[in-house]
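Undergrad: show me the folded form of this:
(chains A and B)
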Amino acid sequence: MSDVVAALQGAVYDGFAKVEAAGPRGMITVKGDLAASVLKNATTGVAGVDFPGQGEANCVGEKGICWMAPDEVLVLVPYAEVPDAVGRMEKVLAGTHHLIANVSDARALFFVSGLDAREVIAKLTPADVSPSAFRPGQFRRTRLAQVPAAFWMRDAETFEVICFRSVARYVFDLLKTAALPGSEVGYF
Amino acid sequence: MSTRLASGGRLLDRAKALEFSFNGKRMTGFQGDTLASALLANGQTLVGRSFKYHRPRGIVASGAEEPNALVNLGQGPRHEPNQRATTTELFEGLKATSQNHWPSLEFDVGVINNYASKFLPAGFYYKTFMAPRLAWKHVFEPFIRQSAGLGRAPKDRDPDTYEHFYAHVDVLVIGGGIAGLAAARQAGAAGAQVLLIEQTAHWGGRAPVDGAEIDGMPSEAWVRDTVEALEAAENIRLRTRCMGAGVYDHGYVLAYERLTDHDPHEGLPRHRLWKIRAKQVVTATGAIERPLSFAGNDLPGVMLASAVRDYAVNYGVSPGDRTVVVTNNDDAYRTALVLKQTGLEVPAIIDARFGSDGELVQAAKAAGIRIEFGRAVAKVKGRARVEGVAMTTQAGEGAVLEEIACDAVAMSGGWSPVVHLWSHCGGKLVWDADQAHFRPDPEVAPVGADGQGFVRAAGIASGAMGTAEVLADADAAGRAAAEATGHKKRRKAAPKAEPESPAPMAPVWVMPQGAGEALRSKMWLDFQNDVKVSDVELAAREGFESVEHTKRYTTLGMATDQGKLSNINGLAVLSQSLNQDIPQVGTTTFRPPYTPISMGAIAGEARGDIFQPLRRTPMHDWHEENGAHWEPVGHWRRPYCYQRPGESVEEAVHREVKNTRQALGFLDASTLGKILVKGPDAGKFLDMMYTNMMSTLKPGRCRYGLMCTENGFLTDDGVVARIDDETFLCHTTSGGADRIHGHMEEWMQTELWDWKVYTANLTEQYAQVAVVGPKAREALDLMGGMDLSAEALPFMGWAVGEIGGFKVRVYRISFSGELSYEIAVDAHRGRAFWDALLEAGAEFGAMPYGTEALHIMRAEKGFIMIGDETDGTVIPQDLGLDWAISKKKDDFLGKRAQARSHMVDPDRWRLVGLETLDGSVLPDGAYASAEGKNANGQRNVQGRVTSTYFSPTLSKGIAMGLVKRGPDRMGEVLEFPKIGGEAVKAKIVSPVFYDPEGEKQNV
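TA: Here you go, the predicted structure:
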């Protein structure tokens, strides 16, 4: 589907960290009893990663599961695989009380990478992103300046940041402003 | 006159000369100077005029406590008033001007106030401007406004940028003097994550100036070694030019970092506001020297003793050839010794005490300095600057014993710990009678969520006076802070210094103690606001016993320095006047920030394009490129209309309405809220949320629903589609999506917690387009892929399918009264779908339309709009929506409230249509007048206009309004007075102006 265009897709800013708007990514909200093995099986079955604990994100490549709330996870898959993933999870969870919703298009995804990527994030979020408090494998729902956002780390130097699609421009501009060369904090 | 010494100045780089200007005069300083030291080096002792009397004022201090040397900095858009010369680092090309003078600093007309000072006593404003009332507005206020205020407010947009930074640490140490360094060193050694911040550009505070020795080496060397060691530690971070501004609940601290003030750099952030969460805070904020209250203590050339030696040692600046030292303690003798060592004259040390044999006093004697015990300054001689002092006995009334010629006076009334940050969040103070100051009471510290103190004062800020005590105290504070954050003690020895044994200081609040009114009215307490000893005494006599009242009555401590110098002296004078002990009188409240911080820093990155988040639909760019005239809807921007070249906004709106009614219109409806509600109890839940019965809705069908608050008032409306047995999709208003989602979640999480329901806000998952008009079906059929006939998809039905290759969900609903399909596609394909629609619609004359056309068309149909017909006081029954209120349900939110007597009162204002007799458009919000007047003498009213438009379809003004018993009064004519006096007559009619049978939408 060539006419599938993510918000700001392809936008890049080379600051003291690199800010990139990613292409479409499959994101599926799954609500239910996180302790139930059927829900774990359904989500790990399509994401191919371990089920995360509280505040964690288990991500490999484009796939992963992020802990959103005590009754909610976010399942990540390649964009094209969403219908299939939703179908498979619905099948496994049939008969249980749950909610599965494709939210891939409701979101924008950004990568912030570089040695000082943490500083870009720390200028905008009240969450603690110091290396001792936030590492790959963790997930944080918080805000960036004035809008809700969440992020996790793909590796020690790369953040993946999600926000609502409508504020993609705002968040890109925020990240860009925070990554202005010369404005490094030199803190972490 | 002050001048630069041939050598010295430990902070200067004499190889780097810097040009700057003051009041247009070119001057030269060195790298490392502050503006204040550079001004003094250039002989500029007069730097401003005082607030009330326009008296000449010079530099008093060398740091953040400076009350006088406030200047305008910069020019044009970078102009900034009230900048403290003592904390402004000099840079090449700095431009400063003095404040509060007219026409010039040297010759100021306002100084006439000085001679009239008898007529400007404490509380002057309150006493003088009470009557006559009109005089305030026309005489007094303009005069005061013109003469008041120090700097000029900047008028242009600030070209600089600012930012925030969030830090989370175990221990935050505020203050980089030897106490802060010692505390950080010990906390760091225990393994805590430590952040140490210092407001100036230099570490070590005043220890190097005061000649302390630590661990057997000069303090300067110790400071350098310690900073190096701290910088090398991975768990310790250090920032200079970073001031602790405020301490708040939960260990939240604001710090203000000045990034480029000292070296303006286009494009880089100027200030950074640190938002710090600290488990423990150590305030090593030092102390501030107090002035002494003697007549003429505000003349340029009278300075704090510590400032005099700061300028000499740090900046190689002499305050004048001859400096008289006036003191009540041993510490000021350091200044005499420093000046003597520099080769300057100290004609005398005037010491109010009866004697002292402290080490410093002995050293002064050994240096051959004349010391006069039991003496005081009767008055300072000179008009625009110090020319000498008249000496008297401290015990007496001011009879002059001797006049001593001098160029400067260095005064010291003792030291007050900087307790501001300790006090911001509730730390209490104790009065230390030996030092005559308030210091933090460690027993009553600011407490955190666990009930334990989270702030510790360290060093002289906690009342430890000597170097040895400061180091021991700070070391212990750092250790305790680390321990409180769960870090183990390490055996790291505290830094050591030789104990000192100064003689006790003597509290001296007025000099001489028996001074009469004439002298007291020339003893300044608050230099910036011109508050004198006599003013505070007058306030006490007039019954102002509370220190907070006295502060406001006299304006003591209310200037931009917030009483850093005047506070203790002022309340000591007040307590003497009231014949109470100082601790009984207490202090005024210490509020953040410690010194003023820039508005820009508070705003941070939020300016320009990112001042506020702007929400954009997937089609936003198309709208922008096609003449969208924007309307804000929540944080969204929606096209109000699309203006074509040469077209007015009104013409565009009318064109869009007509085209939609006659052919085909497209509306970007993506902003509509879309909340998925799912679960076995979803139907029951929606029956509770909506006034309608939703549980009976069949899958594949839609129903318009109303939501009320528990008080019965209409809060939102929208179409609910039943997706399957357990699943509903609830559409909300554009502005209401987040609010209604929150409303649902709140009810589920608090009251209905055991109902099996999940919700998800899918508003942004879909781009949604309303395809509206008689040609809607034809155009969509042309795109192909889905049967959209009345039989396959009847009115108020929905279906999924494919249109033109796009996977869609189509709702057959209409807010315009025309044949209408609302089509949802995945947002990432929204723009492509929009483009495809425009292409397919072209041959049918399709045009996009904006929110105003939407509003007009719904008003023509008599459809209500949340926010127009509702305002938080309107119930559905007022709007004739009884049909949407289920009588069968046991309960729904608002049901009980709607049964209250006032809600069922037949006199309520209810919705009707309004048609002007002359076809004109009623003014929005206009009231219908009624007979008589109310208790306030205002005209009675009986209704008001809620929506009013010119209808291009009907070629006349149409309106809706709420009218008392409205629907019972069809055909009556009401009068709507307009602003200006005339009235418009309008007839009460049905609110449905267009196609009342609904034939157009149901085809």
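Undergrad: residues contacting the residue of the stretch 1-150 of chain B found nearest chain A?
TA: Here the stretch 1-150 of chain B gets closest to chain A at one residue, B:F91, 17.2 Å apart by Cβ to the nearest Cβ. Where C-beta positions appear, they are placed from N, C-alpha and C, glycine not excepted. Contact analysis of B:F91 by Cβ atoms under 8 Å, 6 or more residues apart in numbering or on different chains lists B:L18, B:F20, B:H262, B:D263, B:P264.
Undergrad: out of these, which are inside strands?
TA: Among the contacts of B:F91, the members falling in strands (DSSP state E) are B:L18, B:F20.
Undergrad: buried ones among the contacts of B:F91?
TA: Buried members of the contacts of B:F91, scored by 16 or more other Cβ atoms under 10 Å in any protein chain shown, are B:L18, B:F20, B:H262.
Undergrad: quick one: residues contacting the second one.
TA: Pointing back at B:F20 there. By Cβ under 8 Å, 6+ apart, the residues touching B:F20 are B:26-29, B:35, B:38, B:90-96.
Undergrad: B:K895 is in contact with B:K888, isn't it?
TA: No: taking contacts as Cβ atoms under 8 Å, B:K895 lies outside contact range of B:K888: 11.5 Å.
Undergrad: more neighbours: these two, which one.
TA: Per other Cβ atoms under 10 Å in any protein chain shown, whichever of B:K895 and B:K888 has more neighbours is B:K895, with 17 against 7.
Undergrad: could you look up the SS state of that one?
TA: Three-state call for B:K895 (DSSP: H, G, I helix; E, B strand; the rest coil): coil.
Undergrad: return the distance of it relative to chain A.
TA: Distance of B:K895 to chain A, given as Cβ to the nearest Cβ, to the nearest Å: 27 Å.
Undergrad: show the pLDDT at that residue.
TA: B:K895 carries a pLDDT value of 96.
Undergrad: circling back to that earlier point, what about the contacts of B:F20, which are in helices?
TA: Members of the contacts of B:F20 lying in helices (criterion: DSSP state H): B:L35, B:A38.
Undergrad: mark which of the contacts of B:F20 are buried, thanks.
TA: Buried members of the contacts of B:F20, counted by 16+ other Cβ under 10 Å: B:M27, B:G29, B:L35, B:A38, B:L90, B:F91, B:L94, B:K95, B:A96.
Undergrad: all helices of chain A, in order?
TA: So, for chain A - with DSSP H - the helices run A:37-47, A:82-93, A:117-122, A:168-178.
Undergrad: for the ones you listed, which one sits closest to chain B?
TA: For the helices of chain A, distance to chain B was read as Cβ to the nearest Cβ. The smallest value, 4.2 Å, belongs to helix A:168-178.
Undergrad: how far out from the middle of the chain is the closest one?
TA: 16 Å (Cα atoms, centre = their mean, to the nearest Å).
Undergrad: what comes into contact with it?
TA: A:7-8, A:11, A:13, A:15, A:19, A:21, A:108, A:110, A:112, A:119-121, A:123-124, A:144-147, A:149, A:161, A:163, B:161, B:163, B:605, B:609-610, B:613-614, B:616.
Undergrad: how about 6 Å then?
TA: Under the criterion Cβ atoms under 6 Å, 6 or more residues apart in numbering or on different chains, residues A:7-8, A:11, A:13, A:19, A:21, A:108, A:112, A:120, A:123-124, A:144-145, A:163, B:605, B:609-610, B:613 lie in contact with helix A:168-178.
Undergrad: kindly report the same for stretch A:92-108.
TA: A:7, A:26-32, A:38, A:41-42, A:79, A:82, A:86, A:89-90, A:162-163, A:165, A:168, B:676, B:678-679, B:756, B:758, B:760, B:762, B:764-765, B:826-828.
Undergrad: check which residues of it are buried.
TA: A:92-93, A:97-108.
Undergrad: now, which of the residues you listed lie within strands?
TA: Those of those mapping onto strands are A:L99, A:I100, A:A101, A:N102, A:R107, A:A108, per DSSP E.
Undergrad: low-scoring stretches of the chain, by residue?
TA: I went with chain A, as the question did not name one. A:1-2 (pLDDT under 70).
Undergrad: try chain B instead
TA: B:101-103, B:107-121, B:123-137, B:139-150.
Undergrad: mind naming the longest helix for it?
TA: Using DSSP H, we find that the single longest helix of chain B is helix B:467-484.
Undergrad: how many neighbours does residue 161 have?
TA: Unless you meant another one, I'm taking chain A. Residues near A:V161, counting by other Cβ under 10 Å: 24.
Undergrad: oops, chain B please
TA: Around B:T161 there are 21 residues (other Cβ under 10 Å).
Undergrad: cool, B:R809 as well?
TA: For B:R809, the tally of surrounding residues (other Cβ under 10 Å) stands at 17.
Undergrad: which helix or strand contains it?
TA: strand B:806-811 (DSSP states H and E).
Undergrad: measure the residue nearest to the spatial centre of chain B to chain A for me?
TA: When Cα atoms, centre = their mean is applied to chain B, the residue found nearest the centroid is B:I602 (5.9 Å). Per Cβ to the nearest Cβ, B:I602 is found 13 Å from chain A.
Undergrad: roughly how far does the residue lying closest to that residue once chain neighbours are set aside sit from chain A?
TA: Computed as Cβ to Cβ, 6 or more residues apart in numbering or on different chains, the closest residue to B:I602 that is not its neighbour in sequence is B:L273, at 6.5 Å. Distance, B:L273 to chain A, using Cβ to the nearest Cβ: 10 Å.
Undergrad: about what we covered before: separation between the residue nearest to the centre of chain B and B:P583?
TA: 35 Å (Cβ to Cβ, to the nearest Å).
Undergrad: next: B:A192.
TA: With Cβ to Cβ as the criterion, B:A192 and B:P583 are 35 Å apart.
Undergrad: outside of the longest strand seen in chain A, which residues touch it?
TA: Longest strand in chain A, counting residues (DSSP E): strand A:147-155. Here strand A:147-155 makes contact (Cβ under 6 Å, 6+ apart) with A:A57, A:P136, A:F139, A:R140, A:R141, A:F159, A:E160, A:V161, A:I162, A:C163, A:V167, B:P613.
Undergrad: out of the residues you listed, what pair is the most spread apart?
TA: A:P136 and B:P613 (28.2 Å; Cβ to Cβ).
Undergrad: quick one: which of the two has more around it?
TA: A count of neighbours by other Cβ under 10 Å puts B:P613 above the other of A:P136 and B:P613, at 21 against 15.
Undergrad: and that one, what helix or strand is that in?
TA: Counting by DSSP H and E, B:P613 is part of no helix or strand.
Undergrad: hang on, the earlier thing: does chain A sit close to the strand holding B:R809?
TA: No: Strand B:806-811 lies out of reach of chain A by Cβ under 6 Å from any Cβ of the partner chain, never closer than 8.6 Å.
Undergrad: show me which residues of chain A sit near chain B.
TA: A:3-6, A:24, A:29, A:31, A:97, A:99, A:101, A:103, A:105-106, A:122-123, A:126, A:128, A:146-147, A:164-167, A:170, A:173-174, A:177, A:182-183, A:185.
Undergrad: export only the CA atoms of stretch B:502-511, formatted as PDB.
TA: Taking C-alpha atoms only, stretch B:502-511 is exported to PDB below (Å, rounded to 0.1, in the frame of the first residue of the first chain):
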ATOM      1  CA  PRO B 502      36.700  35.700  67.600                       C
ATOM      2  CA  ALA B 503      35.300  38.000  70.300                       C
ATOM      3  CA  PRO B 504      31.500  38.100  70.400                       C
ATOM      4  CA  MET B 505      29.700  40.500  68.200                       C
ATOM      5  CA  ALA B 506      27.300  43.000  69.600                       C
ATOM      6  CA  PRO B 507      23.900  43.500  68.200                       C
ATOM      7  CA  VAL B 508      23.700  47.100  67.000                       C
ATOM      8  CA  TRP B 509      20.400  48.000  65.200                       C
ATOM      9  CA  VAL B 510      20.700  51.800  65.400                       C
ATOM     10  CA  MET B 511      23.900  53.800  65.400                       C
END
